[in-house]
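Chemist: take this sequence and fold it.
(one chain, ligands or ions: 1)
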Amino acid sequence: MSSRIFRDDLLAGKVAVVTGGGTGIGAATARELARVGATVVIASRKKDHVDPAAAGLTEQVGRTVYGDLCDIRDRDSVNGFVGRVVEQHGRIDILINNGGGQFFSPADMISPRGWDAVINTNLTGTWNVTRAVHDAWMGAHGGKVVSITMLTQRGFPGMAHSVASRAGVEAMTRTLAVEWANKGIVLNAIAPGYIASNGIRNYPPGLGLVEKMQSCVPLKRMGTMDEVAWMITHLASPAGDYITGQTITIDGGKDLWGDYWIIPDPEDLKPFELPVEPWEHFEK
Ligand SMILES: NC(=O)c1ccc[n+]([C@@H]2O[C@H](COP(=O)([O-])OP(=O)(O)OC[C@H]3O[C@@H](n4cnc5c(N)ncnc54)[C@H](OP(=O)(O)O)[C@@H]3O)[C@@H](O)[C@H]2O)c1
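Modeler: Just a heads-up that it's a prediction; the model follows:
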């Protein structure tokens, strides 16, 4: 089936890598990129994520979507994977840094191990793949990098580890957009709000979190995985050639408005006094 938005040969001849492409937003992105003509390689840690997705996407799109294993935290694994892609497909024009993860937790309950795991995956892992693709192909030939982050402009209660790592990726993106501009590499980040994807299944059940999340979005719904995939495809296409170093928010207006995190009022909300200057006179 063709893309609902883009023409069939938009990315013909391009090779795209999607980390975490076996599930959720990554799989939707792999499908969209393949539908518009790119040769797509998906990769993550688990064979039982990658293999069925590669086979399923191949069937849906009608041409081969390739799958490989890669742990983005492990530099040897990343270098091996990137080397295999260049050897097999000859180039990497598009890198989608989608692989990542976190767990919902109040900050004072995050263990040192939990903190390190999230930073190593989301921040260092994204750097590992970006740098490996730069070294293996893009540094000499240019290319496009899109990294998935999250809403980082305000606090993100329950996600201190992840929001710190994602803000790091956004800062890295702005920096590399300048340092690597003369190599023909453009890099951007996409910050999704609440997207109806597999990741949502990891939220603790029974707290009504998903409903609360939905109700604090001005558009009163979750985003779809396709809505993220379409923006990624736009950036990966020639329409994105003059956009670099940006973070594009896809959140139905959530970041402009509410939050699900409840801060209880103290029993005695402090009364306030308005100071009156000696020269001011207010009618009582
Ligand atoms: N859904 C949302 O509302 C939302 C909002 C903001 C940001 N995001 C981010 O968007 C991305 C996709 O999320 P999703 O909702 O589609 O969730 P998801 O299905 O859980 O996707 C995460 C993917 O990352 C891969 N991954 C995790 N650790 C990895 C590692 N060390 N090396 C390689 N791959 C790894 C996983 O595959 P393996 O387990 O096989 O490694 C999985 O395919 C994630 O980075 C997520 O945090 C999602």
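
Chemist: mind listing what the closest residue to the ligand within the chain touches?
Modeler: Residue of the chain nearest the ligand, by Cβ to the nearest ligand atom: G24 (2.1 Å). For glycine as for every other residue, the C-beta is placed from the backbone atoms N, C-alpha and C. Contact analysis of G24 by Cβ atoms under 8 Å, 6 or more residues apart in numbering lists 197-199, 225.

Chemist: before we move on, what about A16?
Modeler: With contact taken as Cβ under 8 Å, 6+ apart, A16 is in contact with 30, 33, 38-41, 92-96, 236.

Chemist: between those residues, identify the one with the most neighbours.
Modeler: Of all the contacts of A16, the most densely surrounded is L33 (33 neighbours; neighbours counted as other Cβ atoms under 10 Å).

Chemist: could I get the full set of strands for the stretch 101-250 of the chain?
Modeler: Ranges of strands in the stretch 101-250 of the chain, per DSSP state E, counting those that start in this stretch, are 143-148, 185-192, 247-250.

Chemist: highest average neighbour count across those strands?
Modeler: strand 143-148 (a mean of 27; mean count of other Cβ atoms under 10 Å).

Chemist: can you dump the C-alpha coordinates of that strand into PDB?
Modeler: Provided in PDB are the C-alpha atoms of strand 143-148 (Å, rounded to 0.1, in the frame of the first residue of the first chain):
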ATOM      1  CA  GLY A 143      23.200  12.400   5.100                       C
ATOM      2  CA  LYS A 144      20.200  13.000   7.400                       C
ATOM      3  CA  VAL A 145      19.900  12.100  11.000                       C
ATOM      4  CA  VAL A 146      16.600  12.300  12.900                       C
ATOM      5  CA  SER A 147      16.600  11.500  16.700                       C
ATOM      6  CA  ILE A 148      13.400  10.800  18.700                       C
END
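
Chemist: residue numbers of this structure in contact with the ligand?
Modeler: Counting by Cβ under 6 Å from any ligand atom, the chain comes close to the ligand at 19-20, 22-26, 44-46, 49, 70-73, 98-101, 121, 125, 148, 150, 192, 194-195, 197-200.

Chemist: residues near A107, how many?
Modeler: When neighbours are counted by other Cβ under 10 Å, A107 comes out with 11.

Chemist: on the pLDDT front, check it for me.
Modeler: At A107, the model reports a pLDDT of 98.

Chemist: thought it was touching A160?
Modeler: Yes - under the criterion of Cβ atoms under 8 Å, A107 makes contact with A160 at 4.1 Å.

Chemist: just the buried ones from the residues of the chain next to the ligand?
Modeler: 19-20, 22-26, 44-45, 49, 70-73, 98-100, 121, 125, 148, 150, 192, 194-195, 197, 199 (16 or more other Cβ atoms under 10 Å).

Chemist: so which of these belong to helices?
Modeler: 24-26, 49, 125 (DSSP state H).

Chemist: quick check, nearest of those residues to H134?
Modeler: G125 (14.9 Å; Cβ to Cβ).

Chemist: quick one, what contacts that closest one?
Modeler: Per Cβ under 8 Å, 6+ apart, neighbours of G125: 19, 72-73, 78, 99-100.

Chemist: repeat for A12
Modeler: 36-38.

Chemist: which helix runs longest in this structure?
Modeler: helix 160-179.

Chemist: and for E273, the neighbour number?
Modeler: 6.

Chemist: that should have said D265, apologies.
Modeler: 7.

Chemist: with the one 10 residues further on instead?
Modeler: When neighbours are defined as other Cβ under 10 Å, P275 has 5 of them.

Chemist: for the remainder of this discussion, apply numbering that starts at 39.
Modeler: Got it, first residue is 39 now, which makes that one P313.

Chemist: and it, what does it touch?
Modeler: Counted by Cβ under 8 Å, 6+ apart, P313 has zero contacts.

Chemist: and it, which of the three is it?
Modeler: Put simply, P313 is coil when judged by DSSP: H, G, I helix; E, B strand; the rest coil.

Chemist: need phi/psi at it.
Modeler: Per-residue torsions, P313: phi -70, psi 140 (degrees, to the nearest 10).

Chemist: next, the distance between the ends of stretch 74-87.
Modeler: 23 Å (Cα to Cα, to the nearest Å).

Chemist: run the chain-centre distance for it.
Modeler: Centre-to-centre, stretch 74-87 and its host chain are 16 Å apart (Cα atoms, centre = their mean, to the nearest Å).

Chemist: what's the mean pLDDT across it?
Modeler: Here the average pLDDT along stretch 74-87 is 98.
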